[in-house]
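1. Starting from these lines, generate the structure:
(one chain, ligands or ions: 6)
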Amino acid sequence: MVKLPHALSLTTLVSHLLFTLAISTRERVPTPPLPILPLPSYSQLKWQQRQIIMFLHFGVNTFTGLERGTGLEDPAIFNPVSLNTSQWVSAAVDAGISLMILTAKHHDGFCLWPSKYTDHSVESSRWKGGKGDVVREFVDAAKARGVDAGLYLSPWDRHEPRYGQNLKYNEYYLAQLQELLTKYGSMREIWFDGFKNASAVNMTYYFTEWFSMVKELQSSINIFSDAGPDVRWVGNEDGFAGTTCRATINKSSLSIGNASIEGYLNIGDPRRTDYLPAECDLSIREGWFWHKSQSPKKLSKLLQIYYKSVGRNCVLLLNVPPNTTGLVSETDVHRLKELRNALDTIFSVNLAEKCSMKASSRRGGKDGGFGPENVLDGDHLWTYWAPGDEEDAGEVDQWIEMRGTDGGLRFNVVRIQEAVGLGQRIKRHEIYVDGKKIVQGTTVGYKRLHRLKGGVVHGSVVRVRITESKGLPLISSIGLHLDPFWQPKDRKSLD
Ligand SMILES: *[C@@H]1O[C@H](CO)[C@@H](O)[C@H](O)[C@H]1NC(C)=O
Ligand SMILES: *[C@@H]1O[C@H](CO)[C@@H](O)[C@H](O)[C@H]1NC(C)=O
Ligand SMILES: *[C@@H]1O[C@H](CO)[C@@H](O)[C@H](O)[C@H]1NC(C)=O
Ligand SMILES: *[C@@H]1O[C@H](CO)[C@@H](O)[C@H](O)[C@H]1NC(C)=O
Ligand SMILES: *[C@@H]1O[C@H](CO)[C@@H](O)[C@H](O)[C@H]1NC(C)=O
Ligand SMILES: *[C@@H]1O[C@H](CO)[C@@H](O)[C@H](O)[C@H]1NC(C)=O
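-> Numbers count the residues shown, from 1 in each chain. Ligands and ions are numbered 1, 2, ... in the order given. Modelled structure (predicted):
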């Protein structure tokens, strides 16, 4: 008989036994499938889940009524007497927005912070006797409410005399970038564009140096530009992505400020070279800057934009311009709240939650952990339905089905989300209600919303079929929703 020297050994023995047991149990649990490249970065995944980001265009244009300043503005005109950046942040928080991006400098060259490299800034304005710093107040207010901050620093600068001299201007621009990225805490997104008037003086921007410096100073930041490297432009300022919209694209075919790639940016590239999801920028009003005569878009228009941006695997960057008082207009605050209420009304109830779920097959069998019920939990990334491996190749029908338990289902929106953490995969899908096809779609990605052209459908069995995908399709969430704001009159105009 084995002699146990003291009580501890018994504990050791028991835990050893338990450990062995756990190992053998664990071996029978199927592993997650391999990812399919390219994959999103940690920061890209965080960005994608935000869904809506707020843009704030603010500067001398707010006071002149121009959309594009000349660079000749007298800085004295900048005087937002009751500036309250906490009010901006409240407007964002009430709309469920977790990241705000401010125009630190627009094309007119006026800086919202006291840059030591120019006097064309708040320092020369009447506001706070030249002692103010809008960027500081903005980041402090955001931080106080747990909202993340980002910045835009226009490359095109119509004021700066160095503009047009490649070396000198690039040094100037980089110096300002360093001020913004070292003195104001953590930034989550920085926005670059190649826009300038065609007749403006020629100028080569050293984007490679700028981007390297940004990444050196801020490790978790996403860089936005036509060409990424983290977030790409969607190719228009209407807020619409392509009905096919891949997060994947070939970065080496992209360049910044090149109109000939707008169509390509809108849909992405099936050759899957790089993971570079798209952001859809547009203003809640007609202009980017506040103008007395303008008012916010209607709720129905904003919802349409949401379906065509967030509902097509993109993030919506919605501009909400502060006015000359230094506040977001009450009409805009109100419209943002309406938008949030509408989205909550539509998406907080998922009719599929009461359904019984079935699928063509499931990875690892009945208790494998990859069953269709995973699409109904609150996790939209890491728990998912995966079909069995045997379905990987060939013509096997892959589907997931929801069956109403107490009578019929009534809905007009179908939401499908892929487990994009393992790569965007689905290329084609179809939706059937009681055996009748109601939707034929292409890509899905992080989120695909189908607002049904024909309005509300009644039925008892809804089937989502994946007809083409790269490897196994992995679906992290499905929703059947009723959008009371959607009353299609003209069936051709929207989807
Ligand atoms: C600024 O806005 C916040 C949020 O709306 C508000 O609570 C605060 O009272 C305002 N501050 C001033 C000075 O008006
Ligand atoms: C471009 O610049 C020219 C000359 O400065 C000006 O006449 C024209 O209005 C500008 N166009 C735009 C779109 O800003
Ligand atoms: C910019 O450079 C291009 C090509 O070098 C030239 O055709 C164009 O006239 C230049 N534009 C200006 C405003 O100097
Ligand atoms: C614009 O993009 C097209 C397509 O990738 C490319 O052929 C062209 O060289 C680009 N132009 C510039 C100025 O980068
Ligand atoms: C990506 O684009 C570059 C430049 O246009 C091209 O040489 C390369 O073949 C493309 N890669 C793929 C996978 O298509
Ligand atoms: C700016 O918006 C605030 C909040 O709605 C409002 O009180 C103020 O009058 C507005 N300023 C102008 C110039 O419209």
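
2. which residues of the stretch 351-495 of the chain fall in strands?
-> Here the stretch 351-495 of the chain has its strands, by DSSP state E, counting those that start in this stretch, at 355-359, 398-404, 409-411, 413-418, 426-433, 436-441, 448-451, 457-459, 461-469, 475-481.

3. Tell me the residues of the stretch 201-350 of the chain that contact ligand 6?
-> Contact residues (C-beta under 6 Å from any ligand atom) of the stretch 201-350 of the chain with ligand 6: 323-325, 327, 329-330. The C-beta positions use only the backbone N, C-alpha and C, and glycine is treated the same way.

4. Taking these together, which two end up most distant?
-> With C-beta to C-beta as the measure, no two of those lie farther apart than T324 and E330, at 14.1 Å.

5. which of those two has more neighbours?
-> Counted by other C-beta atoms under 10 Å, T324 and E330 do not tie: T324 has more neighbours, with 18 against 10.

6. wait, isn't that one in contact with T64?
-> No - contact status for T324 versus T64: not in contact, 10.2 Å apart, counting by C-beta atoms under 8 Å.

7. what's the burial count for V201?
-> Other residues near V201 come to 12 when the count uses other C-beta under 10 Å.

8. three-state assignment of it?
-> What DSSP: H, G, I helix; E, B strand; the rest coil gives for V201 is coil.

9. Could you shift the numbering so residue one becomes 233, and keep it that way?
-> OK, 233 is where the count begins now, so the last one is V433.

10. and which of the residues of the stretch 433-582 of the chain next to ligand 6 is nearest to ligand 1?
-> Using C-beta to the nearest ligand atom, L559 comes nearest to ligand 1 of these, at 8.1 Å.

11. Skipping its backbone neighbours, what lies nearest the closest one in space?
-> Q319 (5.2 Å; C-beta to C-beta, 6 or more residues apart in numbering).

12. what do you get for I710?
-> Per C-beta to C-beta, 6+ apart, closest to I710 is V607, 4.4 Å.

13. just T350 next, same as before
-> The shortest distance from T350 to any non-neighbouring residue, by C-beta to C-beta, 6+ apart, is to C343 (6.4 Å).

14. Please apply the same query to R358.
-> With sequence-adjacent residues excluded and distances taken as C-beta to C-beta, 6+ apart, R358 is closest to N311, at 4.4 Å.

15. now swap in P720 and tell me
-> Closest residue in space to P720, ignoring its immediate chain neighbours: G687 at 5.1 Å, by C-beta to C-beta, 6+ apart.

16. before we move on, what about V560?
-> Nearest residue to V560, sequence neighbours excluded (C-beta to C-beta, 6+ apart): A323, at 4.7 Å.

17. How about L514?
-> If the residues on either side of it in the chain are set aside, L514 comes closest to G471, at 4.0 Å by C-beta to C-beta, 6+ apart.

18. where's the one you found relative to F290, distance?
-> 20 Å (C-beta to C-beta, to the nearest Å).

19. Tell me which of these two has more neighbours.
-> F290 (27 against 24).

20. Please name the residues that touch the residue nearest to P720.
-> By C-beta atoms under 8 Å, 6 or more residues apart in numbering, the contact list for G687 reads 644, 718-720.

21. Dihedrals phi and psi, it?
-> Main-chain torsions, G687, degrees, to the nearest 10: phi 80, psi -150.

22. Whichever residue of the stretch 233-382 of the chain sits closest to ligand 4: neighbour count?
-> Nearest to ligand 4 in the stretch 233-382 of the chain, going by C-beta to the nearest ligand atom, is P270, at a distance of 19.1 Å. Using other C-beta under 10 Å, P270 is surrounded by 16 other residues.

23. Identify the residue nearest it in space, chain neighbours excluded?
-> Nearest to P270 is Y507, by C-beta to C-beta, 6+ apart, at 4.0 Å.

24. circling back: could I get the residues of the stretch 433-582 of the chain next to ligand 6 in a markdown table, plus columns for distance to Q280, secondary structure and pLDDT?
-> As requested, those are exported to a markdown table (distance: C-beta to C-beta, whole Å; DSSP: H, G, I helix; E, B strand; the rest coil; pLDDT from 0 to 100):
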| residue | distance to Q280 | secondary structure | pLDDT |
| --- | --- | --- | --- |
| N555 | 31 | coil | 98 |
| T556 | 35 | coil | 98 |
| T557 | 35 | coil | 98 |
| L559 | 31 | coil | 98 |
| S561 | 30 | coil | 98 |
| E562 | 31 | helix | 98 |
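
25. My guess is N434 contacts G396. True?
-> Yes - taking contacts as C-beta under 8 Å, N434 lies within contact range of G396: 6.9 Å.

26. more crowded one of the two?
-> Comparing N434 with G396 by other C-beta under 10 Å, the one with more neighbours is G396, at 13 against 7.

27. Just the pLDDT for that one.
-> On the pLDDT scale, G396 is placed at 97.

28. pretty sure it is in a helix, no?
-> No - assessed with three-state DSSP, G396 is coil; it does not lie in a helix.
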